[in-house]
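> okay, here's the prediction I keep looking at, along with the sequence it came from:
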Amino acid sequence: MQVVDEVIKVVRAVAHSEVMPRFLRVGKTRKEDGSLFTEADLACQSALQQQLPTILPHPVLGEEMTIEEQDALWAANPHGLWVVDPIDGTTNFVNGLPYFAISVALVVNGKSELGVIYNPVSDEVFYARRGHGAYLNGQRLPLKSMANSMGDAIAAVEIKYLRSGKLAARMGSVAPFGSQRSMGSSTLDWCFLAAGRYDLYLHGGQRLWDYAAGAVILEEAGGRIASLYTDDYWSDTVWKRSAIAALDPALFAQWHRWVRANQ
């Protein structure tokens with residue numbers, strides 16, 4: 001997986017040159033949609049824009065671009081596009097919570113072909129190339145056995161983005177899993193699911209850069225994904241895609257059935 005190795009090398013270098021020196025040392029700014037960004041986000045994205053096309057000559061679409069720029073890049077490059085989130089979990093980054101990551105995916109014809117996600121605090125790099133498996137620092141994913149039942153399962157659930165008031169309410173009262181987590185970084189949530197640290201996942205609407213790398217890592221670890229509205233995950237809305245996912249196929253069938261029934 002030479003291309004993946006080269007992406008990992010770039011991501012590690014950019015994290016240590018542009019992101020970590022600014023950890024707890026930069027001010028925050030709010031974008032029009034209310035989300036945070038920092039000088040570190042911009043510096044990281046700029047470095048990735050320069051370096052990723054030297055690995056494969058495709059343009060780079062980043063979170064910190066304008067909507068118009070993102071739309072234009074997506075429309076013009078179906079046969080190859082780098083998609084990056086320079087810091088996923090900026091609120092965590094600003095507040096000193098060590099749960100954030102740099103995410104890079106290569107998307108071809110609307111589907112991710114490789115993904116690399118790096119948490120520079122823990123020095124954990126999760127990566128996959130379609131058809132070649134998923135890994136954490138060289139170790140094949142998942143790392144551990146999965147929950148045997150819904151009642152034993154740990155679920156990563158982002159309540160904030162669930163459109164259905166009914167589903168959000170039932171998630172907090174009668175959800176069938178054993179325990180719930182929400183840590184503030186979608187890209188790492190995908191990775192923790194692929195590793196077996198979580199068993200179930202639910203998110204009401206992610207941006208392209210939130211899911212592009214993580215979804216292929218989960219699939220290559222053996223996980224299953226659908227959206228709230230279609231079982232063909234990769235055909236759903238590009239810019240705000242929901243996710244119902246699980247690492248174990250049998251648990252996925254139960255989780256999928258329960259979520260759909262409670263929307």
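Nice, thanks for sending it over.

> what about the helices in the stretch 151-263 of the chain?
Ranges of helices in the stretch 151-263 of the chain, per DSSP state H, counting those that start in this stretch, are 165-171, 186-195, 208-220, 249-261.

> so for Cys44, which of those sits nearest?
helix 208-220 (12.2 Å; Cβ to Cβ). Glycine gets a C-beta too; all of them are placed from N, C-alpha and C.

> how about the closest one: buried residues?
Within helix 208-220, the residues that qualify as buried are 208-220, counting by 16 or more other Cβ atoms under 10 Å.

> between that helix and helix 186-195, how many degrees?
Helix 208-220 runs at 0 degrees relative to helix 186-195, counting by axes from the mean of the first three to the mean of the last three Cα atoms, to 10 degrees.

> could you check how far helix 208-220 is from the centre of its chain?
From the chain centre to the centre of helix 208-220 is a distance of 5 Å (Cα atoms, centre = their mean, to the nearest Å).

> what is the mean pLDDT for it?
Averaging pLDDT along helix 208-220 yields 98.

> could you export that helix as PDB, CA atoms only?
Only the C-alpha atoms of helix 208-220 are listed here, as PDB (Å, rounded to 0.1, in the frame of the first residue of the first chain):
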ATOM      1  CA  LEU A 208     -18.100  14.900   3.300                       C
ATOM      2  CA  TRP A 209     -14.800  15.400   5.200                       C
ATOM      3  CA  ASP A 210     -16.300  13.900   8.400                       C
ATOM      4  CA  TYR A 211     -17.100  10.500   6.800                       C
ATOM      5  CA  ALA A 212     -14.900  10.100   3.700                       C
ATOM      6  CA  ALA A 213     -11.900   8.500   5.400                       C
ATOM      7  CA  GLY A 214     -13.700   6.900   8.400                       C
ATOM      8  CA  ALA A 215     -16.300   5.100   6.400                       C
ATOM      9  CA  VAL A 216     -13.800   3.200   4.200                       C
ATOM     10  CA  ILE A 217     -11.800   2.300   7.300                       C
ATOM     11  CA  LEU A 218     -14.900   0.800   9.000                       C
ATOM     12  CA  GLU A 219     -15.900  -1.100   5.800                       C
ATOM     13  CA  GLU A 220     -12.400  -2.500   5.500                       C
END
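
> how about the strands in the stretch 101-250 of the chain?
101-108, 111-119, 124-129, 134-136, 139-140, 154-158, 179-181, 200-206, 224-226, 241-246 (DSSP state E, counting those that start in this stretch).

> ok so, going back, now the helices of the stretch 151-263 of the chain as TSV including distance to Leu48?
Below are the helices of the stretch 151-263 of the chain laid out as TSV (distance: least, Cβ to Cβ, whole Å):
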stretch	distance to Leu48
helix 165-171	35
helix 186-195	14
helix 208-220	11
helix 249-261	32
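
> just give me the closest of the buried residues of helix 208-220 to Glu39.
Closest to Glu39, out of all of these and judged by Cβ to Cβ, is Trp209, at 18.6 Å.

> before we move on, the earlier item: and of the buried residues of helix 208-220, the nearest to Met150?
Leu218 (18.5 Å).
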